[in-house]
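Undergrad: got a predicted structure plus its sequence, pasted below:
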2 protein chains.
Amino acid sequence: MDTHPKHLPADERRAVTVESVVALAGSQNPSEITTAAIAKHMNLTQGALFRHFPNKEAIWQAVMEWVAERLLARIDRSAQGIESPLAAMEAMFMSHIEFVAEHPGVPRMMFGELQRAESTPAKRMVQTLIQRYSERLHHLIEKGKASGELSPSLDNEAAATLFIGTIQGLVMQSLLAGDVGRMHRDAPRVFAIYRRGIRSAQ
Amino acid sequence: MDTHPKHLPADERRAVTVESVVALAGSQNPSEITTAAIAKHMNLTQGALFRHFPNKEAIWQAVMEWVAERLLARIDRSAQGIESPLAAMEAMFMSHIEFVAEHPGVPRMMFGELQRAESTPAKRMVQTLIQRYSERLHHLIEKGKASGELSPSLDNEAAATLFIGTIQGLVMQSLLAGDVGRMHRDAPRVFAIYRRGIRSAQ
DNA sequence: TGTAAGATAGTAATTGATTACTATCTTACC
DNA sequence: GGTAAGATAGTAATCAATTACTATCTTACA
């Protein structure tokens, strides 16, 4: 019963590292997560981390790749097989909120990365993620206009911006309150207002 | 003409410090602003800063007090004398965006402060600011319902959350794009969707 | 009113702590 | 037994904060 074998293959060790960072970011300012803290969290010495990553920046890049991959997969799966574009958007919204609730460190890291001035690999990863996210939204919005569910006069770009902004605001407020449950409770209520703002008059 | 007198009264020196931090935050990650960088920006030696502030934390607190005071004053003034609650909300929205465009470092600092785990004086200041902001919104929303401008079935709390979230999202995207002008352009378009989501059916 | 004494503000150098990263030795496992 | 993974013990750089000292302004009183 090796629950915690000392030696791990390199790729497994990298995976554990990423998960540790995500976990740590859930309870502290990501910019203050040191390599020593990461190592301690995974019962490793600090120096050993650099057997698997060339530098700290590479760790952050790996974390952001992990986030982008998981989040996009999650929202894609949630919208899969839903005919109504509006319902698909709602499903995406809720699954995104769920993802964040499971990993409260994720928005923290993204906010932190985005406000960095230089263009780090991690920041570029986040930018790509948001771009891909927007593409999916634009597609759904177009589809919604075609089906008559969404207002024909709707401003697509503004609608996509507001969709993401709505989530950001929701997350912010619950981080602020230190209460993840609040996000779950408020999500449907906030989305209801957004829905009313974009749907066609009936 | 003494444009840059070496000796300043303590309160003026503190004011200059705050303005320096706000300026620096406009072009770099606030968590990476060192006391040396602040001092250099105001043509002062690093140690001299500690003649006016007991520690770095106190500097951040002063900055956040400055932000809270100015932002609330700005939105209050913008809504002053406007009869229609909906129009008042729009005026608040736009003046908030304007404030951020003038001081792009401000949202950076607020985001950074909010994701801090410990309860620093600066963080508490931000929390108080948001609370006061919400109070103003709730008041306007109630007034809007009474006047019939806003939907009687509107969820007040969700509407307030979304108002703030909308601004946060807008700011985020323009910080991301590195283009403050975008915020000005998008603000009316995004608010239009929000307005449609909360106003009463006509 | 002029000036000495004290208060206030600033400089320059230094400190101890912390950080990312590295060099060298040790161990576990196929 | 060889090698991949980890431990140990460093280094150099950076940071907030402190210190001893100096410059400038303010004020009390002879």
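TA: Perfect, thanks for sending it. Numbers count the residues shown, from 1 in each chain, chains lettered A, B, ... in the order given.

Undergrad: how deep is A:Ala73 tucked in, by neighbour count?
TA: 11 (other CB atoms under 10 Å in any protein chain shown). Just so you know, the C-beta spots here come from the backbone N, C-alpha and C atoms, and that holds for glycine as well.

Undergrad: and the gap between whichever residue of chain A sits closest to DNA strand D and DNA strand C?
TA: Closest to DNA strand D within chain A is A:Gly47: 2.7 Å, counting by CB to the nearest atom of the strand. Going from A:Gly47 to DNA strand C by CB to the nearest atom of the strand, to the nearest Å gives 3 Å.

Undergrad: now swap in A:Ser84 and tell me
TA: Distance, A:Ser84 to DNA strand C, using CB to the nearest atom of the strand: 47 Å.

Undergrad: dihedrals phi and psi, that residue?
TA: Main-chain torsions, A:Ser84, degrees, to the nearest 10: phi -70, psi 120.

Undergrad: grab the nearest non-local neighbour of it.
TA: A:Glu149 (6.3 Å; CB to CB, 6 or more residues apart in numbering or on different chains).

Undergrad: per-residue pLDDT of the one you found, please?
TA: The model reports A:Glu149 with a pLDDT of 98.

Undergrad: burial count for it?
TA: If you count neighbours by other CB under 10 Å, A:Glu149 ends up with 20.

Undergrad: got the buried residues for the helix or strand encompassing A:Ile75?
TA: For A:Ile75, the element it lies in under DSSP states H and E is helix A:56-79. Buried residues in helix A:56-79, counted by 16 or more other CB atoms under 10 Å in any protein chain shown: A:59-68, A:71, A:74-75, A:78-79.

Undergrad: what separation do you get for A:Lys6 and DNA strand C?
TA: 6 Å.

Undergrad: so how many other residues sit close to that residue?
TA: Look at A:Lys6: counted by other CB under 10 Å, it has 7 neighbours.

Undergrad: measure it to A:Leu44 for me?
TA: According to CB to CB, to the nearest Å, A:Lys6 and A:Leu44 sit 9 Å apart.

Undergrad: for chain A, give the helix that spans the most residues.
TA: helix A:121-147 (DSSP state H).

Undergrad: tell me the angle that helix makes with helix A:56-79.
TA: Per axes from the mean of the first three to the mean of the last three CA atoms, to 10 degrees, the angle that helix A:121-147 makes with helix A:56-79 is 20 degrees.

Undergrad: at contact distance from chain B, anything in helix A:121-147?
TA: Yes. Using CB under 8 Å from any CB of the partner chain, we find that helix A:121-147 touches chain B at A:Gln127, A:Ile130.

Undergrad: who in chain A is up against DNA strand C?
TA: Within chain A, the positions near DNA strand C by CB under 7 Å from any atom of the strand are A:5-7, A:32-36, A:46-47, A:50, A:54-57.

Undergrad: just the buried members of those residues?
TA: Burial by neighbour count, 16+ other CB under 10 Å: within the residues of chain A next to DNA strand C this picks out A:Ile33, A:Thr35.

Undergrad: which of the residues of chain A next to DNA strand C come close to chain B?
TA: A:Glu32.

Undergrad: mind listing which of the residues of chain A next to DNA strand C are in helices?
TA: Using DSSP H, these in helices are A:Thr35, A:Ala36, A:Lys56, A:Glu57.

Undergrad: show me the contacts for the first one.
TA: The reference is to A:Thr35. Going by CB atoms under 8 Å, 6 or more residues apart in numbering or on different chains, A:Thr35 touches A:Gln46, A:Leu49, A:Phe50, A:Lys56, A:Ile59.

Undergrad: still on that earlier bit, closest one of the ones in helices among the residues of chain A next to DNA strand C to B:Ile193?
TA: Nearest to B:Ile193 among those is A:Glu57, at 38.1 Å by CB to CB.

Undergrad: tell me who's in contact with the closest residue to A:Arg132 other than its chain neighbours.
TA: The shortest distance from A:Arg132 to any non-neighbouring residue, by CB to CB, 6+ apart, is to A:Leu72 (6.1 Å). Residues in contact with A:Leu72 (CB under 8 Å, 6+ apart) are A:Leu129, A:Arg132, A:Tyr133.

Undergrad: what subset of these is buried?
TA: Of those, these count as buried by 16+ other CB under 10 Å: A:Leu129, A:Tyr133.

Undergrad: want to try JSON lines for the contacts of A:Leu72, with pLDDT and distance to B:Ala101 as columns?
TA: Below are these laid out as JSON lines (pLDDT from 0 to 100; distance: CB to CB, whole Å):
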{"residue": "A:Leu129", "pLDDT": "95", "distance to B:Ala101": "26"}
{"residue": "A:Arg132", "pLDDT": "96", "distance to B:Ala101": "28"}
{"residue": "A:Tyr133", "pLDDT": "96", "distance to B:Ala101": "25"}
